[in-house]
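need a structure here:
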Amino acid sequence: MSNISKVDINNLSEHEVNILINAEKNPSSILEYQEIINDIEESLVPLSAHTYRCEVKDRQRNIIYQFQVHSTPIATRFSIGLMFCDNHIHLIRLDFGEDLRHTNNYGTDEEKVICGSHAHFNSPANKYASKNVIPIGKIDEFKNIKFIRDVLMQFIKYTNIKKKAGEQND
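Numbering: from 1, shown residues only. Next up, the predicted model:
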């Protein structure tokens, strides 16, 4: 894998997105990070909607992300993502829910509706901005899991979020 110590987070190529997803990231507050994990792991079915956030840092490139988990009262409807703090672009966000609908290539001849769980890569946070998604079923690491607890642990592994040296992930 190539080294991209300086990166323009406003103009990422697909290759750079993949490098950043695989880069080691460290939570800036282990307590906040552990609270997210504990709260999600302990709840089999969320009873209300919650949004959990903490910062994680790619130390090599000095990039700060916001690690976000949003749960709903529906156990299979939630989102988990890493968003650049500087420009609010999601490096990666997974949206889970059987009844979700997203339109790719909106307003073009190639317009296509994607139904169900999907992933955003290098996507603006603006709800109304044009963006394309990939069905979760096309991402091997996530295609057979549907519950927030399982997705959270796989997401942490997939995005290479690690506690600082000397501290262990559960």
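
for the helix or strand containing residue 37, list the C-alpha coordinates in CSV.
Per DSSP states H and E: residue 37 is located in helix 30-42. C-alpha atoms of helix 30-42 as CSV (Å, rounded to 0.1, in the frame of the first residue of the first chain):
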residue,chain,number,x,y,z
ILE,A,30,-10.7,6.1,25.1
LEU,A,31,-13.5,6.6,27.6
GLU,A,32,-15.9,8.0,25.0
TYR,A,33,-14.9,5.2,22.6
GLN,A,34,-15.4,2.5,25.2
GLU,A,35,-18.8,4.1,26.2
ILE,A,36,-20.0,3.7,22.6
ILE,A,37,-18.9,0.1,22.4
ASN,A,38,-20.3,-0.8,25.9
ASP,A,39,-23.7,0.9,25.2
ILE,A,40,-24.1,-0.8,21.8
GLU,A,41,-22.8,-4.3,23.0
GLU,A,42,-25.1,-4.3,26.1
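
all helices for the chain, in order.
For the chain, applying DSSP state H gives helices covering 14-22, 30-42, 148-158.

hey, which of those helices is tucked in deepest?
Looking across the helices of the chain with neighbours counted as mean count of other CB atoms under 10 Å, the highest average goes to helix 148-158: a mean of 19. Using the backbone N, CA and C atoms, a C-beta is placed for each residue, glycine as well.

which strands and helices lie in contact with it?
Helix 148-158 sits against helix 30-42, strand 63-71, strand 78-84, strand 89-96, with contacts defined as 3 or more CB pairs under 8 Å, 6 or more residues apart in numbering; DSSP states H and E.

again, only this time at 6 Å
Applying 3 or more CB pairs under 6 Å, 6 or more residues apart in numbering; DSSP states H and E, one finds that helix 148-158 contacts helix 30-42.
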